[in-house]
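Undergrad: fold the following for me, if possible:
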Amino acid sequence: MFEELKKFLKGFFGSFKARSTEYIEFEERELENVFALVLMGSFVGIPSPPTTLVMRLMPHMVREIYVMQRRATDMDDIFGEIASMFEIT
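TA: Reported below is the predicted structural model:
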């Protein structure tokens with residue numbers, strides 16, 4: 001009986017770890033998108049930081065540019081994604 005309880009608790013806490021990892025990965029994707037938007041905001045009409053700063057950060061922005069391009073083509077429903085994560089119907 002003790003072993004079964006131990007297995008149950010291990011699965012229970014493993015489930016929480018999996019969900020929390022999913023939330024953190026989602027937040028990281030959104031923060032990357034916001035960061036890229038702040039630096040490349042002039043494309044959508046947001047005032048951008050000084051050009052010298054953008055040019056210095058540009059070599060580090062390759063991944064973020066690909067992410068922005070993929071998000072623009074996919075255009076997922078962000079609120080739908082959040083609702084599905086929290087199982088809101």
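Undergrad: tell me the helix or strand right after the helix ranked longest in the chain.
TA: Using DSSP state H, we find that the single longest helix of the chain is helix 2-39. Scanning forward in sequence from helix 2-39 by DSSP states H and E, the next helix or strand is helix 51-57.
Undergrad: now that next one: average pLDDT?
TA: What helix 51-57 shows for mean pLDDT is 79.
Undergrad: name the surrounding residues that touch it.
TA: 39-40, 48 (Cβ atoms under 8 Å, 6 or more residues apart in numbering). Any C-beta I mention is one placed from the backbone N, CA and C, and that applies to glycine too.
Undergrad: again, 7 Å this time
TA: Here helix 51-57 makes contact (Cβ atoms under 7 Å, 6 or more residues apart in numbering) with 39, 48.
Undergrad: using CSV, list the CA coordinates for it.
TA: Taking C-alpha atoms only, helix 51-57 is exported to CSV below (Å, rounded to 0.1, in the frame of the first residue of the first chain):
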residue,chain,number,x,y,z
THR,A,51,19.3,52.9,-34.2
THR,A,52,22.8,52.3,-32.8
LEU,A,53,21.4,50.1,-30.1
VAL,A,54,19.3,48.1,-32.6
MET,A,55,22.3,47.7,-34.9
ARG,A,56,24.4,46.4,-32.0
LEU,A,57,21.7,43.9,-31.0
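Undergrad: if we go by neighbour counts, what in that helix is buried?
TA: By 16 or more other Cβ atoms under 10 Å, the buried positions in helix 51-57 come out as Val54.
Undergrad: so for the residue nearest the centre of the chain, what's the pLDDT?
TA: Centroid-nearest residue in the chain, with Cα atoms, centre = their mean: Arg29, separated by 1.9 Å. You'll see Arg29 listed with a pLDDT of 82.
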